[in-house]
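>>> Sequence plus predicted model, see below.
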Amino acid sequence: MLLRSLHTPSKQIIRTASTNQKSIGEFFAQHLSFPFLQYKEHLHVSHAEKQFIFDTAGKRYLDFFAGIVTVGVGHCHPRLIEAANKQMNKYWHLSTYYLQDSVRDYATKLLEHFKDDPHLSVCLFVNSGSEANDLALHLAKEYTKQTEVISLRNSYHGVVQSTLCLTNIAGFKRPYLTGSRVAMNPDPYRGIWGGRYCRDSPVQTTRSCNCSKDHCQASDRYVEQLEELLSFEVSKKKVAGMFIESIQGYGGTVQFPKGYVKRATELVQQNGGLYIADEVQSGFGRTGTHFWGYQAHGAKPDIVVMAKAIANGFPFAAIVTRPEIAKTIGTYFNTYGGNPIGCAVASAVLDVIKEENLQENALRVGTHLLERLAKLRDQLPNVIGDVRGKGLLIGMEMVTDKESRKPFPVEKMNAVLDRCRHNGLLLGKGGNFGNVFRIKPPMCITKEDADFAVDVLEDAIRKEL
């Protein structure tokens, strides 16, 4: 396949001295903990702009992983830089001891995106998704006076000690973790039940099923499994809450059967628990159809957790919850939570998403990208097992056989990633077996970018067959 090159950059490439790649790689290995460094030859970044990353040799790459689903509006957006500089010229940090316009203004703007859920009216600001989930867990236990929580198999909710019990991916599990119950993952592709009408997506699995288009039997079965978990494993069916990613992120962009999230969370709520919606990856318009992923499920969360794209990579995160839940821990203090620069950048992010129609772009370009990837799956059915997602939150699961769904070897996944990198495309990978390409670019990409990415990915896969 003849690959076309990326179009000409909007400004002259800034070339920096190509310093000793080997020495910086050795330094990282000896003095820093960066276990996820990708590629045979490490990528040494010079700068980034919009949907592009540039290395120190001046080569440009189309970024289809967005700093692990974090750079939502594009790298180094001038509006965000302006907002940060303006605030930095006023003051950098005061702590929550003082009244600050930046915190009030951002909280006001953020809550406008919860008008359909007016009970969610209190913001608590922290610094990362893990910290936000830790706070949500704390609130749920304090409010319900229960200690056990439920999360789904294959879920990821952070890696601080308190949230590791919620993260159910083998590589992150530790033998000393307690306090959580793991529900069966309602995965229409790899789960026990699932079929061609399960997902809220332009692309469905190729599995057959007996469901009608308006009723998903797989959803029924998975809810029954949750009911059994509550009946057999939990005292009096009482838990503090259930954590659910609206679409599983690190676990491989797994979407759930239609109706599952609403019914599962209502079941938990009926038994006194809280529904904690983890929107760390699916929030801020990335799914295209809704600003928050939970809205597509028709569910009503008690706590919403957000991070990553909230400030486009600036360390910032938040939860939004009901007043009576927030009050259970008294006055909440966090040294850096709600810092003025983070609030200024996060506020600008909301403005850019609206003014540049990025949610609509995510739906339009994302649907086009999904449809092209689905055609590629049909051409390579014994290698590409599944294509799934909504908007620009996409996963492509690789297998060695269509029927057995045996995971594609990790070394071949890495080889495909290397080939894509060589041809100017950066992707991520995830899933419990490391066999899912995570395709989650900045929301400012174009259809031309999408077509380029599919062409590069197809060429890389075919060369590894």
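Great, that's in hand.

>>> my read is T367 is in a helix, agree?
Yes - T367: assigned to a helix according to DSSP: H, G, I helix; E, B strand; the rest coil.

>>> Show the contacting residues for the most centrally placed residue in the chain.
Closest residue to the average C-alpha location of the chain: Q281 at 2.4 Å, with C-alpha atoms, centre = their mean. Q281 makes contact with V69, E245, I247, G249, K308, L393, K440, according to C-beta atoms under 8 Å, 6 or more residues apart in numbering. No exception for glycine: its C-beta is placed from N, CA and C like everyone else's.

>>> Go ahead and confirm the third one touches G288.
No - counting by C-beta atoms under 8 Å, I247 stays clear of G288, with 11.6 Å between them.

>>> How about the secondary structure of K429?
strand.

>>> what's downstream of the helix or strand V305 falls within, the next helix or strand?
Element membership for V305, per DSSP states H and E: strand 303-306. Tracing the chain C-terminally past strand 303-306 and defining elements by DSSP H and E, one meets strand 317-321 next.

>>> immediately after that following strand, which helix or strand?
Taking DSSP H and E, what comes next after strand 317-321 is helix 323-326.

>>> Can you give me the buried ones in the worst-scoring helix or strand of the chain on mean pLDDT?
Every helix and strand of the chain was ranked by mean pLDDT, DSSP states H and E. The lowest is helix 21-31, at a mean of 75. Buried positions in helix 21-31, judged by neighbour count with 16 or more other C-beta atoms under 10 Å: none.

>>> export it as PDB, just CAs?
Output of helix 21-31 as PDB, limited to C-alpha atoms (Å, rounded to 0.1, in the frame of the first residue of the first chain):
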ATOM      1  CA  GLN A  21      18.700   9.500  22.700                       C
ATOM      2  CA  LYS A  22      20.600   6.700  24.400                       C
ATOM      3  CA  SER A  23      21.600   8.700  27.400                       C
ATOM      4  CA  ILE A  24      18.100  10.100  28.000                       C
ATOM      5  CA  GLY A  25      16.700   6.600  27.700                       C
ATOM      6  CA  GLU A  26      19.200   5.300  30.200                       C
ATOM      7  CA  PHE A  27      18.400   8.100  32.600                       C
ATOM      8  CA  PHE A  28      14.700   7.300  32.500                       C
ATOM      9  CA  ALA A  29      15.400   3.600  33.100                       C
ATOM     10  CA  GLN A  30      17.700   4.300  36.000                       C
ATOM     11  CA  HIS A  31      16.100   7.300  37.800                       C
END
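
>>> Spell out, range by range, the strands that occur in the stretch 201-350 of the chain.
Using DSSP state E, counting those that start in this stretch, the strands found in the stretch 201-350 of the chain span residues 241-245, 274-278, 303-306, 317-321.

>>> what residue ranges in the stretch 1-150 of the chain are flagged as low confidence?
1-22, 33-37 (pLDDT under 70).

>>> where does the least confident helix or strand of the chain sit relative to the chain's centre, distance-wise?
29 Å (C-alpha atoms, centre = their mean, to the nearest Å).

>>> just stretch 262-277 next, same as before
Counting by C-alpha atoms, centre = their mean, stretch 262-277 comes out at 22 Å from the chain centroid.

>>> Once you drop chain neighbours, what's closest to T289?
Closest residue in space to T289, ignoring its immediate chain neighbours: A296 at 5.8 Å, by C-beta to C-beta, 6 or more residues apart in numbering.

>>> can you give me the helices in this protein?
21-31, 66-69, 78-88, 101-111, 129-144, 161-164, 217-233, 260-270, 323-326, 340-355, 358-379, 410-422, 447-463 (DSSP state H).

>>> To L94, which of those lies closest?
Minimum separation from L94 across the helices of the chain (C-beta to C-beta) falls at helix 340-355, 6.9 Å.

>>> in the closest one, what counts as buried?
340-350, 352-353.

>>> re the thing from before, so what pLDDT did the residue nearest to the centre of the chain get?
At Q281, the pLDDT value in this model is 98.

>>> Remind me what the strand holding V305 packs against, helices and strands.
Strand 303-306 is packed against helix 129-144, strand 274-278, strand 317-321, with contacts defined by 3 or more C-beta pairs under 8 Å, 6 or more residues apart in numbering; DSSP states H and E.

>>> Okay, now the sheet partners of that strand, with direction.
strand 274-278 (parallel), strand 317-321 (antiparallel) (DSSP bridges).

>>> most neighbours per residue, which of those strands?
strand 274-278 (a mean of 29; mean count of other C-beta atoms under 10 Å).

>>> relative to strand 241-245, how tilted is it?
Interaxial angle of strand 274-278 relative to strand 241-245 (axes from the mean of the first three to the mean of the last three C-alpha atoms, to 10 degrees): 20 degrees.

>>> and strand 274-278, C-alpha only, in PDB?
Provided in PDB are the C-alpha atoms of strand 274-278 (Å, rounded to 0.1, in the frame of the first residue of the first chain):
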ATOM      1  CA  LEU A 274     -24.600   5.200  45.300                       C
ATOM      2  CA  TYR A 275     -23.900   5.200  41.600                       C
ATOM      3  CA  ILE A 276     -20.500   6.700  40.900                       C
ATOM      4  CA  ALA A 277     -20.100   7.600  37.200                       C
ATOM      5  CA  ASP A 278     -16.400   7.600  36.200                       C
END
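
>>> Now do it, average pLDDT.
Mean predicted confidence for strand 274-278 is 98.

>>> what's next to it, contact-wise?
Strand 274-278 has contacts (C-beta under 8 Å, 6+ apart) with 129, 133, 136-137, 139-140, 143-144, 157, 240-246, 265, 268-269, 292-294, 299-305, 325.
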